[in-house]
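K.L.:
Fold the following for me, if possible:
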Amino acid sequence: WGSASFVPRVYPPRWPRDGVVGNLWGLKAEASTWFGREDYFIFGIQVIPLTPQASEPLLDQKWVAASRASWETSMRRLPAKDETWRAFLVAMLAVVDSGAAW
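P.N.:
Numbers count the residues shown, from 1 in each chain. A predicted model of the protein is given here:
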């Protein structure tokens, strides 16, 4: 899960993709996932599981706002084959701009 207060203490400043780690292997952190390196995969996986009980307290508003340029750009370029990932990015948008998410 992304957190503006957590990222700087663990990863170098401005870690690729605004502090998001897709895969963490012991001491190795990667800005990718098992299924791709696109930003919408890497940010989207941070939102899973998408439930009110899990997402609301764990999606740090400060981090979502700070990383918005990266995931929002990715959301605009989302190819049709990966359209299902849009829901996770819209959930992030709802954290910082609920009106735009609707």
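K.L.:
Please count neighbours and contacts with C-alpha atoms only from this point.
P.N.:
OK.
K.L.:
Which parts of this protein are strands?
P.N.:
23-25, 28-30 (DSSP state E).
K.L.:
just how off-centre is the last one within its chain?
P.N.:
Averaging C-alpha positions (CA atoms, centre = their mean, to the nearest Å) puts strand 28-30 16 Å from its chain's average.
K.L.:
List the strands paired with that strand, with their directions.
P.N.:
Its sheet considered, strand 28-30 pairs with strand 23-25 (antiparallel) by DSSP bridges.
K.L.:
closest one to I42 among the strands of the chain?
P.N.:
With CA to CA as the measure, strand 23-25 is the member of the strands of the chain nearest I42 (8.9 Å).
K.L.:
top helix in the chain by residue count?
P.N.:
Longest helix of the chain, by residue count under DSSP state H: helix 86-96.
K.L.:
what about the protein, any weak spots by pLDDT?
P.N.:
Along the chain, the parts satisfying pLDDT under 70 run over 1-19.
K.L.:
Any idea which residue is closest to the centre of it?
P.N.:
Residue closest to the average C-alpha location in the chain (CA atoms, centre = their mean): F43, at 2.3 Å.
K.L.:
My read is that it contacts L89, right?
P.N.:
Yes: the criterion here is CA atoms under 8 Å, and F43 meets it with L89 at 7.3 Å.
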